[in-house]
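> Give me the fold of what follows.
(2 chains)
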Amino acid sequence: MIFQDVAVFNSSGFSPQVGIIGSGPAGISLALHLEKHGIPSLIFEAGGYDYIPSVQDAYQGKVIGDPYFDLAGARLRYFGGSSGHWAGWCRPLDEVDFEPRKGFKNSGWPIRKKDLDPYTQATDAILELEPLQADVPVNQHLREVFLQFSPPVRFGQKYKKHIADSNTIGLLMFSPVTELVPGNGRIDHLLVHSSDGAARKVTLPYYCLCTGGIENSRLLLWSNLQHNGGVVPYPETLGKYWMEHPIFGAGDAIIFNRFGMSTDSHWGMKYFAPTPEYLHTHNMGNFGLRLLSGGPLKALIKDGLCIAPELFGKLVEKSGRNLHCATTLRIAWEQLPVSSNRIELDTEKDKTGVPRTRLFWKKQPEDRHTVETAIQEFGAYLATTDLGRMKVVEWIVEGRDYPADEELAGFHHMGGTRMAANSAEGIVDRDCKVFGMDNLYIGGSSVFPTGGHTNPTYSIVQLALRLGDHLQQKISRR
Amino acid sequence: MLTRRKFILGMLALAAASQLPRLYHFIIFDKRLELRSGWIMMKDDK
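Purely as a prediction, here's the structure:
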């Protein structure tokens, strides 16, 4: 069912159990799973079916700290959310990502990988993925890992007809939620900004906030401010421990025997990550090192001839016989979660009256340790096995700051409402329920306490499906 | 009071601080390896 505004919904007779704020991968996956359990839900979408600049304007915000993207373009505010512009790269978090790691502060989830594994098949189906290929051990420190590639699924396009025809999923269009209003340890109702500028009230038994890795914090910070801490009773970490996956070029390498590098594999890419044992002993974040075929072979050989004429001279002799190749290396890594990387409310408000975002984001010395250790480990692997040699990018060799004209990050917004074992360390519990609130839940990567190295959408969908099961059990007990 | 001597020392300190990143180097820990013009090489690579 699709409702064009709150008034139409209120007069429809439809009685959803769960209000889902946001129609991205988390929100739609949750609604679909609740539908399987026969639980009616209502999705609140702030925008329409396509990009509208005046709607998107709500995502304007300021970034303080390291160079980062324009926030207005980092997420999409229309049906299907940011699945409207994602690339489709997927991989579940590793077991080690959930474990507390000595030497990597604030790590450890209150759940483990086994808690999300039951949702693998359903997640693969939603994202239209082939099953994940098993990791291949490289040595004690490294393993080759694989990604899954979604077409990519555009949730808005894929599920519009299904939701329109559904009797258990309602979709409320052009209905930005501007406030969560508490009462007696619960959320009593939501305020929705309607097209005439009025705030319309919607009351439901349960609420799930699925608006994204910045918006979840923004709406909670604002609602909490409006209601003297009544929405998030334990707000110590609210908006804090925000994370990204920084991504930078790490260097180039000559691979002497191609070792499986092929331009006909997916984007000619190989992907390496550390072993769990390595992560536990090196006080660092997880990382993914991508080898992309098509590096500057001739330039590298010419450069190499100056520093090791004998070694690189042999390559010149073999040139033209397809015995070696050049690769470009890129690294994405797990940021140390720190409270200073955070979302705050700006003094300026958007058109619906909600304060805009101020994002404080700065890479830490520990992040530099992660990237340098990773690069060194891979360079050592190539050299000691005589598979090739790696040339590290100058800014790392010379100890300069991160370049500003780079990929910078993965558009992966994580943290802000982190999951924790107790209310002093996070905002939601292991079931994604806000501590101290009986009927308020959070979906999406804002609950990630740590980010691993991989694209978050897969884990977002797994968590949403798990949340659906939890709500089904809770509702059936009432 | 800002003397000429203090001013010169201050300027020298500022100049040195701006060069600090240059003093830092990417350190290779594996004793079999070394960094040569940015390349991670075996020490006996010729």
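
> By average pLDDT, which secondary structure element in chain B comes out worst?
Least confident element among the helices and strands of chain B, by mean pLDDT, DSSP states H and E: helix B:20-23 (a mean of 48).

> List the strands paired with whichever helix or strand comes after it, with their directions.
Counting by DSSP states H and E, the element after helix B:20-23 in chain order, helix or strand, is strand B:33-36. Strands that pair with strand B:33-36, judged by DSSP bridges, come out as strand B:39-42 (antiparallel).

> got the contact list for the partner strand?
Under the contact criterion CB atoms under 8 Å, 6 or more residues apart in numbering or on different chains, strand B:39-42 has outside partners A:303-304, A:307-308, A:376, A:379-380, A:382-384, A:389-392, B:28, B:32-35. Every C-beta, even on glycine, is put in place using the N, C-alpha and C of the backbone.

> In strands, which of the residues you listed fall?
A:R389, A:M390, A:K391, A:V392, B:L33, B:E34, B:L35 (DSSP state E).

> When you filter those residues down to buried only, what's left?
Burial by neighbour count, 16 or more other CB atoms under 10 Å in any protein chain shown: within those this picks out A:R389, A:M390, A:K391, A:V392, B:L33, B:L35.

> Quick check: bridge partners of the fourth one?
Each beta-bridge partner of A:V392 is listed here: A:G251, as defined by DSSP bridges.

> now do the fifth one
When bridges are taken as DSSP bridges, the partners of B:L33 come out as B:M42.

> Please tell me the pLDDT value assigned to it.
Residue-level confidence at B:L33 comes out at 95, pLDDT.

> if we can go back for a sec, tell me which of the ones in strands among the contacts of strand B:39-42 is nearest to A:E348?
Closest approach to A:E348 among the ones in strands among the contacts of strand B:39-42 (CB to CB): A:V392, at 42.4 Å.

> Now for the closest one: which residues touch it?
Each residue near A:V392 by CB under 8 Å, 6+ apart is listed here: A:A250, A:G251, A:I375, A:G379, B:F26, B:L35, B:G38, B:W39, B:I40.

> could the residues you listed be laid out in JSON lines, adding distance to A:K114?
As requested, these are exported to JSON lines (distance: CB to CB, whole Å):
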{"residue": "A:A250", "distance to A:K114": "33"}
{"residue": "A:G251", "distance to A:K114": "37"}
{"residue": "A:I375", "distance to A:K114": "32"}
{"residue": "A:G379", "distance to A:K114": "35"}
{"residue": "B:F26", "distance to A:K114": "39"}
{"residue": "B:L35", "distance to A:K114": "42"}
{"residue": "B:G38", "distance to A:K114": "43"}
{"residue": "B:W39", "distance to A:K114": "43"}
{"residue": "B:I40", "distance to A:K114": "38"}
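
> So among these, where is pLDDT lowest?
For the contacts of A:V392, the least confident entry is B:F26, with 75.

> For A:G295, see how far away that residue is.
Plainly put, B:F26 is 20 Å away from A:G295 if you go by CB to CB, to the nearest Å.

> what does A:G313 give?
19 Å.

> in the stretch 251-400 of chain A, what spans have low per-residue confidence?
The model of the stretch 251-400 of chain A has pLDDT under 70 over residues A:257-268, A:318-324.

> Give me every residue in it lying close to chain B.
Within the stretch 251-400 of chain A, the positions adjacent to chain B are A:251, A:303-304, A:306-311, A:372, A:376, A:379-380, A:382-384, A:389-394, A:396-400 by CB under 8 Å from any CB of the partner chain.

> Please indicate which of the residues you listed are buried?
Neighbour counting with 16+ other CB under 10 Å marks A:251, A:303-304, A:307-308, A:311, A:372, A:376, A:379-380, A:382-383, A:389-393, A:396-397, A:399 as buried within those.

> Could I get the buried residue list for the longest helix along chain B?
When chain B is parsed with DSSP state H, its longest helix is helix B:4-18. Buried positions in helix B:4-18, judged by neighbour count with 16+ other CB under 10 Å: none.

> wait, does that helix contact chain A?
No - remark: helix B:4-18 sits outside contact range of chain A, by CB under 8 Å from any CB, the gap being at least 11.9 Å.

> Show me where the stretch 51-200 of chain A has its helices.
Using DSSP state H, counting those that start in this stretch, the helices of the stretch 51-200 of chain A run over residues A:53-56, A:71-74, A:95-98, A:113-116, A:120-127, A:155-165.

> which intervals of chain B have sub-threshold pLDDT?
Counting by pLDDT under 70, chain B contains low-confidence residues at B:16-25.

> mind redoing it with 50?
Low-confidence segments of chain B (pLDDT under 50): B:21-23.

> Please identify which of the helices of the stretch 51-200 of chain A is closest to A:D438.
Ranking the helices of the stretch 51-200 of chain A by proximity to A:D438 (CB to CB) places helix A:113-116 first, at 22.1 Å.

> and the closest one, what does it pack onto?
On a contact count with 3 or more CB pairs under 8 Å, 6 or more residues apart in numbering or on different chains; DSSP states H and E, helix A:113-116 meets helix A:95-98, helix A:457-477.

> what about A:G61, how many neighbours?
For A:G61, the tally of surrounding residues (other CB atoms under 10 Å in any protein chain shown) stands at 22.

> Now do the same contact list for it.
By CB under 8 Å, 6+ apart, A:G61 lies in contact with A:L71, A:A72, A:I214, A:D346, A:R356, A:T357, A:R358, A:L359.

> per-residue confidence at it?
98.

> and the host helix or strand of A:L315, what does it pack onto?
Per DSSP H and E, A:L315 falls inside helix A:309-318. When contacts are defined as 3+ CB pairs under 8 Å, 6+ apart, helix A:309-318 packs onto helix A:297-307.

> Chain neighbours aside, what residue packs nearest to A:H245?
A:G410 (4.1 Å; CB to CB, 6 or more residues apart in numbering or on different chains).

> Could you check the pLDDT of that neighbour?
The per-residue pLDDT reported for A:G410 equals 96.

> Hmm, it is touching A:R330, no?
No - contact criterion CB atoms under 8 Å: A:G410 and A:R330 do not qualify, at 10.7 Å.
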